[in-house]
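S.K.: quick one, structure for this:
(2 chains)
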Amino acid sequence: MDMEKDMKLNELDNIGNSLEQDRAWAESLLNKQNLSQFNLSKTDAPFNYFESFPDQLMKRIESEKKQKINKKSPKIFFLPSFMQPLNRVAIAAAFIIVVGGSFIFLNNSVWKKTHAPIVAKYISLEELSSEEIESYVDANEWIAEIDVHTQMKKENSRLSSLDEKQIEEIEKTINK
Amino acid sequence: MASDQELIIQFQESINREANFTALLKKHQQKVYYQIKRMVTDHADADDIAQLVWIKIWDKLDGFKMESEFSTWLFRIAYNETLNYLQKQKKQRTIPSNSDLLDYENTTAGSDSPKSTEIQIGLDRAISQLPEKQKVVFMLRYYDGFDYEKIASIVGTTIGGAKANYHQAVKKVESFIKQL
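M.R.: Residues are numbered from 1 along each chain as shown, chains lettered A, B, ... in the order given. Below is the predicted model:
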């Protein structure tokens, strides 16, 4: 064991003295011919590889450079503002609201002016069931509310335009 | 022919950058490729890594301060890139694939006796099984004739460490072949 250790130490001491010595030591153990054969198998390259490599590499460097530049400052194309997706959606939504809203509003007011009196003429309240009346009231409650509000506003404006004398007269008639 | 230093200075001063870089590349490309190929075996992998190495050189050459030789720096980058590549690909083949051995047999068959071919295949296997550092140290010393100081800075070890790696590599290969 000690002899083996000493041999190893001696070998290690001899390594690095010269390149020739290192090579000779490896060849004595591994066979020079085999070592050179091994190198041949590892140092082959396809035909013309080294001639074409610089051009290939420069092309790759060039394309990577371009990619980097593109990443750093992406080109921004501005669409006309009405063509931008968000604006288009907003415009479409506004259009639908305006058209739809006015259609509903007009329909309601037209119905009230034209059809409602005719219906009232031919259909008496007694003929209607209480469910039908309820559903009608539910559906038209908001219109009735609007009507009440507008009526109240009208009355308020009329009261504010009265002078003190007129107000006193009205109070007298109410008291009577 | 201009020295590495002259080419680098001109590159850094933006004088014919591409031409100077190409001159550097042509000077060193074969050795870099061979160093990589000895570690990965496959040409496509070696080509890919070689391109990555030279792209890195192109990117970093402006900051190279000439504190070490250009070739030492270049081989260190090649060594590190190859290790990274092997780790990423998880292709680190300690034993050559059957197709590699078949190729190897085809290249060596007919030239020597069957016993000799067997030893060559064994040598191939044995060297492939070495740890990457020992393998590279052995290759750089035996085949490229680099001094230990340069080898040590390429693989990131001390001069003593590089010598020990060379010694261990040869001994391991020898004992592997003896077992055949």
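S.K.: tell me the contacts of B:Gln51?
M.R.: With contacts defined as CB atoms under 8 Å, 6 or more residues apart in numbering or on different chains, the neighbours of B:Gln51 are A:56-57, A:60. The C-beta positions use only the backbone N, C-alpha and C, and glycine is treated the same way.
S.K.: so for the helix ranked longest in chain B, what gets flagged as buried?
M.R.: When chain B is parsed with DSSP state H, its longest helix is helix B:17-40. Neighbour-count burial for helix B:17-40 flags B:20-25, B:27-29, B:31-40 (criterion: 16 or more other CB atoms under 10 Å in any protein chain shown).
S.K.: what score does the most centrally placed residue in chain A have for pLDDT?
M.R.: The centroid of chain A falls nearest to A:Leu86 when counting by CA atoms, centre = their mean (9.9 Å). Per-residue confidence at A:Leu86 stands at 72 (pLDDT).
S.K.: element containing it?
M.R.: helix A:85-110 (DSSP states H and E).
S.K.: gap between that helix and the chain center?
M.R.: Counting by CA atoms, centre = their mean, to the nearest Å, helix A:85-110 is centred 25 Å from the centre of its parent chain.
S.K.: pLDDT below threshold where in chain B?
M.R.: Across chain B, the ranges flagged by pLDDT under 70 are B:90-116, B:180.
S.K.: okay, helices next: where are they in it?
M.R.: Taking DSSP H as the criterion, chain B carries its helices at B:4-12, B:17-40, B:43-60, B:70-89, B:98-108, B:114-129, B:132-138, B:148-155, B:159-178.
S.K.: now swap in chain A and tell me
M.R.: With DSSP H applied, chain A shows helices at A:2-14, A:19-30, A:32-42, A:49-72, A:85-110, A:116-122, A:130-161, A:164-175, listed in chain order.
S.K.: for stretch A:52-69, list every residue counted as buried.
M.R.: A:53-54, A:57-58, A:61.
S.K.: check stretch B:125-136 too.
M.R.: Here stretch B:125-136 shows B:125-130, B:133-136 as buried, counting by 16+ other CB under 10 Å.
S.K.: widest-spaced pair of those?
M.R.: With distance counted by CB to CB, no two of those lie farther apart than B:Arg125 and B:Lys133, which are 18.5 Å apart.
S.K.: tell me if I'm right that B:Ala162 and B:Val155 touch.
M.R.: Yes. Counting by CB atoms under 8 Å, B:Ala162 sits close enough to B:Val155 to count as a contact (6.9 Å).
S.K.: picking that back up, give me the subset of the buried residues of helix B:17-40 touching chain A.
M.R.: B:22, B:25, B:29, B:33-34, B:37-38 (CB under 8 Å from any CB of the partner chain).
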